[in-house]
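# one predicted model, sequence on top.
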Amino acid sequence: MKGTETPETQGAETRKRRQSKAQSGGNGAAASDPEDVRATSERVAGEDIDPRVFESGKTLRDDATLMAETMTDAATEIQTYLREQATQRPYVALGAAAGVGFVLGGGLSLRLTTTLLTIGGRLLVTALWQKAAENATATTH
(Lines give C-alpha, C1' and ligand atoms only; values in the text may rest on other atoms or scores of the structure.)
Protein backbone atom coordinates (compact mmCIF):
# COMPACT_ATOMS: atom_id res chain seq x y z
CA MET A 1 0.00 0.00 0.00
CA LYS A 2 3.01 2.25 -0.23
CA GLY A 3 1.87 3.72 -3.51
CA THR A 4 -1.47 4.91 -2.06
CA GLU A 5 -0.03 6.72 0.96
CA THR A 6 -0.69 10.42 1.15
CA PRO A 7 1.39 12.96 3.04
CA GLU A 8 -1.31 13.04 5.71
CA THR A 9 -1.17 9.28 6.30
CA GLN A 10 2.62 9.29 6.26
CA GLY A 11 2.62 12.10 8.83
CA ALA A 12 0.14 10.20 10.98
CA GLU A 13 2.32 7.08 10.90
CA THR A 14 5.37 9.09 11.86
CA ARG A 15 3.52 10.65 14.79
CA LYS A 16 2.34 7.21 15.94
CA ARG A 17 5.90 5.84 15.85
CA ARG A 18 7.19 8.81 17.84
CA GLN A 19 4.42 8.48 20.41
CA SER A 20 5.00 4.76 20.89
CA LYS A 21 8.74 5.34 21.16
CA ALA A 22 8.20 8.09 23.73
CA GLN A 23 5.90 5.83 25.75
CA SER A 24 8.47 3.04 25.68
CA GLY A 25 11.16 5.38 27.02
CA GLY A 26 12.92 6.25 23.76
CA ASN A 27 14.23 9.74 23.22
CA GLY A 28 13.07 10.01 19.60
CA ALA A 29 16.55 9.95 18.06
CA ALA A 30 16.73 7.00 15.70
CA ALA A 31 20.52 7.13 15.40
CA SER A 32 21.00 6.56 19.13
CA ASP A 33 18.98 3.34 19.20
CA PRO A 34 21.08 0.45 17.83
CA GLU A 35 18.00 -1.61 17.04
CA ASP A 36 16.55 1.20 14.90
CA VAL A 37 19.86 1.62 13.09
CA ARG A 38 20.11 -2.12 12.45
CA ALA A 39 16.51 -2.33 11.23
CA THR A 40 16.96 0.65 8.94
CA SER A 41 20.19 -0.70 7.45
CA GLU A 42 18.58 -4.12 6.86
CA ARG A 43 15.59 -2.44 5.19
CA VAL A 44 17.81 -0.32 2.93
CA ALA A 45 20.10 -3.27 2.10
CA GLY A 46 17.08 -5.36 1.14
CA GLU A 47 15.77 -2.77 -1.31
CA ASP A 48 16.68 -3.07 -4.95
CA ILE A 49 18.62 0.01 -5.97
CA ASP A 50 18.68 0.78 -9.65
CA PRO A 51 22.13 0.03 -11.13
CA ARG A 52 21.89 3.30 -13.04
CA VAL A 53 22.27 5.13 -9.72
CA PHE A 54 25.61 3.43 -9.12
CA GLU A 55 26.70 4.05 -12.71
CA SER A 56 25.76 7.72 -12.44
CA GLY A 57 27.73 8.00 -9.20
CA LYS A 58 30.76 6.38 -10.80
CA THR A 59 30.53 8.67 -13.81
CA LEU A 60 30.20 11.70 -11.55
CA ARG A 61 33.24 10.65 -9.53
CA ASP A 62 35.29 10.06 -12.69
CA ASP A 63 34.27 13.46 -14.11
CA ALA A 64 35.14 15.22 -10.85
CA THR A 65 38.54 13.50 -10.76
CA LEU A 66 39.23 14.49 -14.36
CA MET A 67 38.20 18.09 -13.65
CA ALA A 68 40.45 18.24 -10.59
CA GLU A 69 43.39 16.90 -12.60
CA THR A 70 42.74 19.41 -15.39
CA MET A 71 42.55 22.29 -12.92
CA THR A 72 45.78 21.16 -11.28
CA ASP A 73 47.52 21.01 -14.67
CA ALA A 74 46.21 24.46 -15.60
CA ALA A 75 47.35 25.93 -12.29
CA THR A 76 50.81 24.40 -12.78
CA GLU A 77 51.06 25.87 -16.30
CA ILE A 78 49.98 29.31 -15.08
CA GLN A 79 52.48 29.17 -12.23
CA THR A 80 55.28 28.20 -14.62
CA TYR A 81 54.36 31.00 -17.03
CA LEU A 82 54.23 33.61 -14.26
CA ARG A 83 57.61 32.50 -12.90
CA GLU A 84 59.15 32.75 -16.36
CA GLN A 85 57.71 36.22 -16.87
CA ALA A 86 58.87 37.37 -13.45
CA THR A 87 62.37 36.07 -14.21
CA GLN A 88 62.56 37.58 -17.70
CA ARG A 89 60.80 40.88 -16.92
CA PRO A 90 60.99 41.54 -13.18
CA TYR A 91 59.99 45.23 -13.36
CA VAL A 92 56.94 44.51 -15.51
CA ALA A 93 55.88 41.74 -13.13
CA LEU A 94 56.37 44.03 -10.14
CA GLY A 95 54.37 46.81 -11.79
CA ALA A 96 51.57 44.45 -12.75
CA ALA A 97 51.39 43.04 -9.22
CA ALA A 98 51.33 46.53 -7.73
CA GLY A 99 48.61 47.63 -10.15
CA VAL A 100 46.42 44.61 -9.47
CA GLY A 101 46.88 45.03 -5.71
CA PHE A 102 45.99 48.70 -5.93
CA VAL A 103 42.83 48.06 -7.92
CA LEU A 104 41.73 45.13 -5.75
CA GLY A 105 42.48 47.16 -2.64
CA GLY A 106 39.90 49.73 -3.72
CA GLY A 107 42.37 52.30 -4.98
CA LEU A 108 40.24 53.21 -8.01
CA SER A 109 36.60 54.09 -8.33
CA LEU A 110 34.36 51.83 -10.37
CA ARG A 111 33.90 54.45 -13.09
CA LEU A 112 37.65 55.02 -13.49
CA THR A 113 38.37 51.29 -13.46
CA THR A 114 35.75 50.71 -16.15
CA THR A 115 37.17 53.51 -18.27
CA LEU A 116 40.74 52.23 -17.95
CA LEU A 117 39.72 48.66 -18.78
CA THR A 118 37.77 49.88 -21.80
CA ILE A 119 40.72 51.89 -23.10
CA GLY A 120 43.13 49.04 -22.40
CA GLY A 121 40.87 46.57 -24.19
CA ARG A 122 40.62 48.84 -27.24
CA LEU A 123 44.39 49.27 -27.34
CA LEU A 124 44.86 45.52 -27.10
CA VAL A 125 42.40 44.82 -29.91
CA THR A 126 44.05 47.50 -32.07
CA ALA A 127 47.48 45.99 -31.47
CA LEU A 128 46.20 42.50 -32.28
CA TRP A 129 44.56 43.71 -35.52
CA GLN A 130 47.77 45.46 -36.57
CA LYS A 131 49.80 42.34 -35.84
CA ALA A 132 47.34 40.20 -37.81
CA ALA A 133 47.45 42.63 -40.73
CA GLU A 134 51.27 42.58 -40.70
CA ASN A 135 51.29 38.79 -40.68
CA ALA A 136 48.76 38.64 -43.50
CA THR A 137 50.75 41.02 -45.70
CA ALA A 138 54.02 39.24 -44.90
CA THR A 139 52.66 35.87 -45.99
CA THR A 140 51.23 37.18 -49.26
CA HIS A 141 54.58 38.59 -50.43
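The structure has been received and is ready for your questions.

# how near is residue 100 to residue 108?
Distance check for residue 100 against residue 108: by Cβ to Cβ, to the nearest Å, it reads 11 Å. Where C-beta positions appear, they are placed from N, C-alpha and C, glycine not excepted.

# who has more neighbours out of those two?
residue 108 (15 against 10; other Cβ atoms under 10 Å).

# look up how far residue 114 lies from the more buried one.
Residue 108 is 9 Å from residue 114, by Cβ to Cβ.

# where does pLDDT dip in the protein?
Counting by pLDDT under 70, the chain contains low-confidence ranges at 1-32, 41-49, 140-141.

# which helix runs longest in it?
Determined from DSSP state H, the single longest helix within the chain is helix 51-88.

# same for it, what does it pack against?
Other helices and strands packing on helix 51-88, by 3 or more Cβ pairs under 8 Å, 6 or more residues apart in numbering; DSSP states H and E, are helix 90-104.

# between the helix it packs on and helix 51-88, how many degrees?
120 degrees (axes from the mean of the first three to the mean of the last three Cα atoms, to 10 degrees).

# just checking, what packs against helix 90-104?
Counting contacts by 3+ Cβ pairs under 8 Å, 6+ apart, helix 90-104 packs against helix 51-88.

# next, give phi and psi for residue 108.
Torsion angles at residue 108 (phi, psi; degrees, to the nearest 10) stand at phi -120, psi 150.

# ok, now which ones touch it?
102, 116 (Cβ atoms under 8 Å, 6 or more residues apart in numbering).
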